[in-house]
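Undergrad: quick one, fold the following:
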Amino acid sequence: MRGGVAREAILIIVNPTSGRRRALRVAEQVAAYLKRRDRDAAIRYTRARGDAERLVQEACISQDDQPGCVVACGGDGTVQEVANALAPLQASPDHEAPVMGLAPAGRCNDFARALGITAGPVAIAKTLADGVPYAIDLGKVNERYFCTVATLGVDAEVTSYVDAMRLPLRGTLAYVYGAIRVIRRYRAHDVHLTGDFGTIEQSIFLASSANTSSYGGAIPIAPGASPTDGKLNLCIVDRVSRLRAFLMLPMVMLGRHRNQPDVHFIHTEQFTVEAKETLEIWADGERIGTTPAKIEVAPGALRVLLPRSNHDVTNPACVTSRH
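TA: You can find the predicted model right below:
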């Protein structure tokens with residue numbers, strides 16, 4: 001049995017520094033609860049970016065002793081890595097890949113929030129033990145999957161700033177602080193977007209491709225975006241003055257920006273983005289690529305264990321399975 005993980009086991013991939021080390025405590029508590037339920041649970045620890053993806057790939061080398069479920073314990077960055085390891089395996093008809101579990105315990109947990117998964121260790125463990133697998137949409141930037149929102153423009157620069165500074169702030173507070181610092185020096189960029197909506201060529205403040213409604217710790221950049229509708233919700237903000245940008249910031253924080261004249265929403269399955277200069281694209285709090293890029297939805301690309309109550313599709317936080 002490679003690595004001590006059996007097919008019926010649950011493998012928890014944890015970023016031990018995530019959420020000010022809260023993820024480590026959550027992983028241990030979840031594993032202890034599962035063992036009381038007579039479920040075999042093993043924990044693997046990441047040390048650097050890329051480790052979560054590598055650990056999942058190593059655990060899934062053999063179909064004979066791979067886990068039945070791989071849990072991402074941390075924030076959205078950890079979730080993205082685990083999703084990028086599992087989604088290609090789940091898509092293969094020749095590979096019975098593990099289902100994914102979520103243990104939200106990071107600075108930002110927007111993917112888990114969109115799927116109705118709470119942060120309590122007992123609730124997490126119950127979902128892992130008794131939950132139902134559902135097929136959830138992912139987004140893609142070129143060949144890289146993302147779970148929540150892929151950002152281009154000022155929000156990408158804010159995310160980069162927050163990541164580089166390693167601020168003691170968490171979630172929305174970190175984003176707001178970063179936005180205030182970045183907006184003071186930000187300049188708009190000319191972009192060329194081509195997709196199933198036609199062609200857009202203009203100077204933009206930001207363009208966010210949303211698989212979920214929020215990012216950055218519950219910032220509702222694209223109200224109504226759903227990870228089960230087979231679409232991305234593209235939010236474009238026109239070039240605006242710095243004063244206008246500061247005035248719009250609280251609107252975005254409260255999700256009240258959608259009726260503003262310089263804000264536009266487009267539902268799309270795919271588009272390409274080009275710019276006169278190379279621009280970074282960030283998603284799930286991680287740098288995921290640069291322009292030029294193709295951004296698209298990957299419908300039902302990831303099977304995730306969710307609480308049985310989430311079968312109620314009338315709840316916007318809930319999802320339905322795809323077969």
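
Undergrad: quick check, Gly101 in contact with Ala129.
TA: No. Shown here, Gly101 and Ala129 do not form a contact pair, counting by Cβ atoms under 8 Å, at 9.9 Å. The way it works is simple: take the backbone N, C-alpha and C, and place the C-beta from them, glycine included.

Undergrad: so for the two, which sits in the more crowded spot?
TA: Under the criterion of other Cβ atoms under 10 Å, the comparison of Gly101 against Ala129 puts Gly101 first, with 29 against 19.

Undergrad: tell me how far the more buried one lies from Leu138.
TA: Applying Cβ to Cβ, to the nearest Å, the value for Gly101 to Leu138 is 16 Å.

Undergrad: then Arg258?
TA: Arg258 is 24 Å from Leu138, by Cβ to Cβ.

Undergrad: between the two, point out the one with more neighbours.
TA: Higher neighbour count among Arg258 and Leu138: Leu138, with 23 against 16, using other Cβ under 10 Å.

Undergrad: list the buried residues in whichever strand or helix holds Ala83.
TA: Assigned by DSSP states H and E, Ala83 falls within helix 76-91. If you call a residue buried by 16 or more other Cβ atoms under 10 Å, then helix 76-91 has these buried ones: 76-87, 89-90.

Undergrad: go on, stretch 230-242?
TA: 231-240.

Undergrad: of those residues, closest to Ala72?
TA: Of all the buried residues of stretch 230-242, Ala72 sits closest to Leu232, with 21.5 Å by Cβ to Cβ.

Undergrad: so the closest residue to Phe205 other than its chain neighbours: helix, strand or coil?
TA: Nearest residue to Phe205, sequence neighbours excluded (Cβ to Cβ, 6 or more residues apart in numbering): Val237, at 4.2 Å. Following DSSP: H, G, I helix; E, B strand; the rest coil, we place Val237 in the strand state.

Undergrad: for Val237, report the pLDDT, please.
TA: What the model reports as pLDDT for Val237 is 96.

Undergrad: can you pull up the bridge partners for it?
TA: Beta-bridge partners recorded for Val237 (DSSP bridges): Leu206, Val263.

Undergrad: state the distance from it to Glu274.
TA: To Glu274, Val237 is 18 Å away according to Cβ to Cβ.

Undergrad: ok, Ala301 next?
TA: Computed as Cβ to Cβ, the Ala301 to Glu274 distance reads 25 Å.

Undergrad: which of those two has more residues huddled nearby?
TA: Taking neighbours as other Cβ under 10 Å, Ala301 and Glu274 compare with Ala301 leading, 20 against 14.
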